[in-house]
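**Q** All I have is the shape, not the residue letters:
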Ligand SMILES: Nc1nc2c(ncn2[C@@H]2O[C@H](COP(=O)(O)OP(=O)(O)OP(=O)(O)O)[C@@H](O)[C@H]2O)c(=O)[nH]1
Ligand SMILES: [Mg+2]
């Protein structure tokens with residue numbers, strides 16, 4: 001059965017309705033050679049189908065807007081009207097990025113234009129590859145952990161429809177019996193607890209193309225889909241071509257923006273929700289495959305141009321469905337839990353119609369069929385964000401890893417050099433047998449200037465982005481603990497702290513002179529309305545109190 005013709009869509013966003021059609025298909029293909037096949041659509045069925053396609057005259061050219069998903073613009077080149085402050089700006093709750101709509105959708109143009117700063121895509125994986133070589137051997141191996149991958153994904157192209165005619169003893173040219181092409185394979189993603197890093201994710205995945213239709217009304221095979229397994233906690237977002245991002249980065253310009261076509265989830269809404277993706281497939285009314293006589297010959301024939309006018313409506317419906325499905329949330333997709341079903345990222349192209357559908361009273365020998373539709377080819381950023389209830393934030397060497405060892409079963413590496421921790425680790429703390437445990441993430445240290453990419457930068461903060469609470473770890477062995485916490489707060493910036501519970505753990509309390517320093521620090525911290533607790537991670541002193549306050553800070557037991 002031709003899935004293509006049979007498709008039944010009930011779509012709300014642009015309210016398109018395609019009638020379901022049924023062509024009977026015989027499963028008894030062995031007999032085909034001897035009988036005139038009864039599973040091809042009959043002449044009457046074809047006529048009825050083609051007539052049903054004539055709907056209200058749609059603006060077909062609007063559907064043919066293949067120009068681009070995005071373009072790169074220099075802010076200084078923008079029209080004054082585009083710089084106007086009246087544009088809609090909104091901050092995404094999830095990603096905290098500010099989006100600007102520079103042009104809202106209207107009747108003539110169904111797309112919003114969203115302006116995204118190029119710097120939003122200047123990302124790198126946490127492992128600190130630029131660490132100086134002397135230090136690196138001491139540091140943890142960074143080979144086996146990766147929390148960021150840019151991947152290129154491609155869904156399969158649909159197979160072409162077949163042009164063929166039934167042949168048998170005594171029948172040299174029977175009715176058309178070319179089957180439809182198979183659909184291209186899709187690209188799916190699944191989240192699993194079995195893996196904990198993105199380092200095995202390849203840089204490209206390509207789904208298989210659908211195969212061509214065959215004679216005897218046989219449809220082509222659907223291309224194999226690709227299933228990508230990522231760890232739970234992976235966040236996926238669409239991104240422009242990384243080559244373009246890299247070249248902008250080389251120019252070192254912060255002034256560049258991507259203008260991305262986007263759509264809302266309901267008609268008339270001003271807030272875009274999805275990025276519109278485009279497939280580079282044939283335009284409405286094109287995509288014919290001719291056997292023997294060419295397109296010039298056919299375009300002069302009235303029977304063909306009449307047919308094509310009707311088939312254009314069919315193309316338009318496929319196209320509308322593609323546009324509806326070929327979108328991706330602007331904020332990306334969060335795979336925070338094990339996926340029950342694979343999640344579709346890119347849909348494969350539809351297979352083309354075989355010539356059996358074009359038998360009409362006017363056309364007895366349709367020597368043409370339709371091509372398959374192209375797949376989608378897009379880049380995505382896969383970002384692993386570990387899920388912990390609390391994140392430990394502190395300067396290098398503050399004693400974060402020692403603290404995590406003291407409070408939990410986790411065994412992060414401890415060392416007296418800076419940047420011992422190069423990859424995040426998570427400890428689990430069971431406070432009472434009848435309550436769920438809470439988790440704490442130990443991440444690399446933050447230095448002054450981290451927000452400008454000093455030290456290990458701030459990229460690894462992605463791992464504590466979603467935690468309920470922040471724990472600032474400050475060493476009382478430091479010269480001036482108040483300076484240290486001020487640095488941390490400055491580097492994190494208010495928006496990363498706001499809305500979170502904050503606890504300050506003053507560690508290394510066993511060191512001489514720590515009492516005086518603690519008093520000053522306590523005053524500073526309490527003025528901000530935060531709680532503070534002293535301890536020694538090394539000697540495991542006051543650890544019970546630390547655990548109790550951390551449990552509170554996690555917000556999990558209230
Ligand atoms: N005296 C004393 N030393 C400590 C204490 N906690 C940690 N240290 C020492 O401080 C040094 C750094 O400890 P780590 O736990 O590796 O510090 P970190 O904050 O994880 O450091 P990075 O991972 O490099 O950011 C080590 O030499 C520890 O032995 C403590 O409570 N008292
Ligand atoms: Mg550490």
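**A** Received the coordinates, thanks. From a predicted model like this one, the values you see are computed outputs, not experimental measurements. Ligands and ions are numbered 1, 2, ... in the order given.
**Q** tell me which residues in stretch 235-254 are buried?
**A** Neighbour-count burial for stretch 235-254 flags 235-242, 244-245, 248 (criterion: 16 or more other C-beta atoms under 10 Å). Bear in mind the C-beta positions are built from the backbone N, C-alpha and C, glycine included.
**Q** how long is that stretch end to end?
**A** Stretch 235-254 has an end-to-end distance of 25 Å (criterion: C-alpha to C-alpha, to the nearest Å).
**Q** Over to stretch 454-474?
**A** Termini of stretch 454-474 sit 19 Å apart (C-alpha to C-alpha).
**Q** now the lengthiest helix in the chain, how far from the centre of its chain.
**A** Determined from DSSP state H, the single longest helix within the chain is helix 302-325. Relative to its chain's centre, helix 302-325 lies at 30 Å (C-alpha atoms, centre = their mean, to the nearest Å).
**Q** So for it, mean pLDDT?
**A** Averaged across helix 302-325, the pLDDT comes to 90.
**Q** Which strands or helices does that helix pack on?
**A** strand 9-11, strand 16-18, helix 43-52, helix 60-63 (3 or more C-beta pairs under 8 Å, 6 or more residues apart in numbering; DSSP states H and E).
**Q** Can you mark which positions in the longest one are buried?
**A** What it means is helix 43-52. Within helix 43-52, judged by 16+ other C-beta under 10 Å, the buried ones are 45-46, 49-50.
**Q** Now narrow the residues you listed to whatever sits close to ligand 2.
**A** When C-beta under 5 Å from the ion is applied, no member of these is adjacent to ligand 2.
**Q** from the residues you listed, which is closest to ligand 1?
**A** residue 49 (67.9 Å; C-beta to the nearest ligand atom).
**Q** Just confirm the closest one contacts residue 41, I think it does.
**A** Yes. Counting by C-beta atoms under 8 Å, residue 49 touches residue 41, with 7.2 Å between them.
**Q** Overlap in contacts, the two.
**A** Listed as contacting both residue 49 and residue 41 by C-beta atoms under 8 Å, 6 or more residues apart in numbering are residue 357.
**Q** does residue 356 sit in a helix, a strand or a coil?
**A** On the three-state scheme (DSSP: H, G, I helix; E, B strand; the rest coil), residue 356 is labelled helix.
**Q** residues in contact with it?
**A** 40-41, 175-179, 217.
**Q** Neighbour-wise, give me the winner out of the residues you listed.
**A** residue 178 (33 neighbours; other C-beta atoms under 10 Å).
**Q** what's the spacing between residue 146 and residue 384?
**A** 8 Å (C-beta to C-beta, to the nearest Å).
**Q** same question but for residue 255, I mixed them up
**A** 30 Å.
**Q** what does residue 317 give?
**A** Residue 317 is 39 Å from residue 384, by C-beta to C-beta.
**Q** Residue numbers of the protein in contact with ligand 1?
**A** Residues of the chain found near ligand 1, taking C-beta under 6 Å from any ligand atom as the criterion, are 394, 396-402, 414-416, 418-421, 444-445, 507-508, 510-511, 536-538.
**Q** picking up where we left off before, give me the more crowded residue out of residue 146 and residue 384.
**A** Looking at residue 146 and residue 384 with other C-beta under 10 Å, you find the greater number of neighbours at residue 384, namely 28 against 18.
**Q** Ignoring the adjacent residues along the chain, who's closest to the more buried one?
**A** residue 147 (4.1 Å; C-beta to C-beta, 6 or more residues apart in numbering).
**Q** Report the contact partners of that neighbour.
**A** Contacts of residue 147 (C-beta under 8 Å, 6+ apart): 125-126, 197-198, 383-386, 424, 460, 462-463.
**Q** Could you list the low-pLDDT ranges of the stretch 101-250 of the chain?
**A** Scanning the stretch 101-250 of the chain for pLDDT under 70 picks out 123-145, 171.
**Q** 90 instead, please
**A** Where the stretch 101-250 of the chain drops to pLDDT under 90, the residues are 101-149, 166-175, 177, 193-200, 215-219, 232-233, 242-250.
**Q** Okay, strands next: where are they in it?
**A** Ranges of strands in the stretch 101-250 of the chain, per DSSP state E, counting those that start in this stretch, are 112-117, 148-154, 187-192, 204-206, 226-231, 234-239.
**Q** The residue lying farthest from the centre of the chain and residue 490: what is the separation?
**A** Here the centre of the chain is the reference, and by C-alpha atoms, centre = their mean the most remote residue is residue 170, at 57.2 Å. Applying C-beta to C-beta, the value for residue 170 to residue 490 is 90 Å.
**Q** ok, now residue 310?
**A** Counting by C-beta to C-beta - residue 310 and residue 490 are separated by 66 Å.
**Q** and if you look at residue 217?
**A** Relative to residue 490, and taking C-beta to C-beta, residue 217 is found at 71 Å.
**Q** Residue 503 is in contact with residue 530, correct?
**A** Yes. Residue 530 sits in contact with residue 503 when judged by C-beta under 8 Å, with a separation of 6.8 Å.
**Q** For those two, indicate the residue with more neighbours.
**A** For residue 530 versus residue 503, neighbours defined as other C-beta under 10 Å are more numerous around residue 503 (21 against 17).
**Q** Which helix or strand lies directly C-terminal to the helix or strand hosting the more buried one?
**A** Using DSSP states H and E, residue 503 sits in strand 501-507. Downstream of strand 501-507, the first helix or strand assigned by DSSP H and E is helix 514-527.
**Q** Tell me the gap between that next one and the middle of its chain.
**A** 45 Å.
**Q** for stretch 153-171, same thing?
**A** The answer for stretch 153-171 is 34 Å, by C-alpha atoms, centre = their mean.
**Q** looking only at pLDDT, what's the mean for stretch 402-415?
**A** Stretch 402-415 comes out at a mean pLDDT of 87.
**Q** how about the helices of the stretch 151-300 of the chain, start to end?
**A** 242-250, 295-299 (DSSP state H, counting those that start in this stretch).
**Q** What of the stretch 401-550 of the chain?
**A** Using DSSP H, counting those that start in this stretch, helices in the stretch 401-550 of the chain cover 481-492, 494-497, 514-527, 543-554.
**Q** neighbouring contacts of the shortest one?
**A** This means helix 494-497. Under C-beta under 8 Å, 6+ apart, the answer for helix 494-497 is 96, 461, 465, 470, 489.
**Q** Buried by neighbour count: which residues of it qualify?
**A** For helix 494-497, by 16+ other C-beta under 10 Å, it's 496-497.
**Q** per-residue confidence averaged over that helix?
**A** 87.
**Q** Over to the longest one?
**A** Averaged across helix 514-527, pLDDT comes to 95.
**Q** Quick one: list the elements packing against it.
**A** helix 481-492, strand 501-507, strand 531-534.
**Q** in its sheet, what does the shortest one sit against?
**A** For strand 531-534, the paired strands and their directions (DSSP bridges) read strand 501-507 (parallel).
**Q** distance between the partner strand and the chain's centre?
**A** The answer for strand 501-507 is 35 Å, by C-alpha atoms, centre = their mean.
**Q** Hey, what's the angle from that strand to helix 481-492? Just curious.
**A** 140 degrees (axes from the mean of the first three to the mean of the last three C-alpha atoms, to 10 degrees).
**Q** okay, the angle between strand 501-507 and helix 514-527?
**A** Going by the same axes, to 10 degrees, strand 501-507 makes 170 degrees with helix 514-527.
**Q** Quick one: mean pLDDT over strand 501-507.
**A** 96.
**Q** can you list contacts of it?
**A** For strand 501-507, using C-beta under 8 Å, 6+ apart, the contacting residues are 398-399, 402-403, 468-476, 481, 485, 514, 518, 521-522, 525, 528, 530-537, 546, 549-550, 552-555.
**Q** domain ranges for the protein?
**A** 43-58+123-128+145-250+279-383, 387-554 (the TED database).
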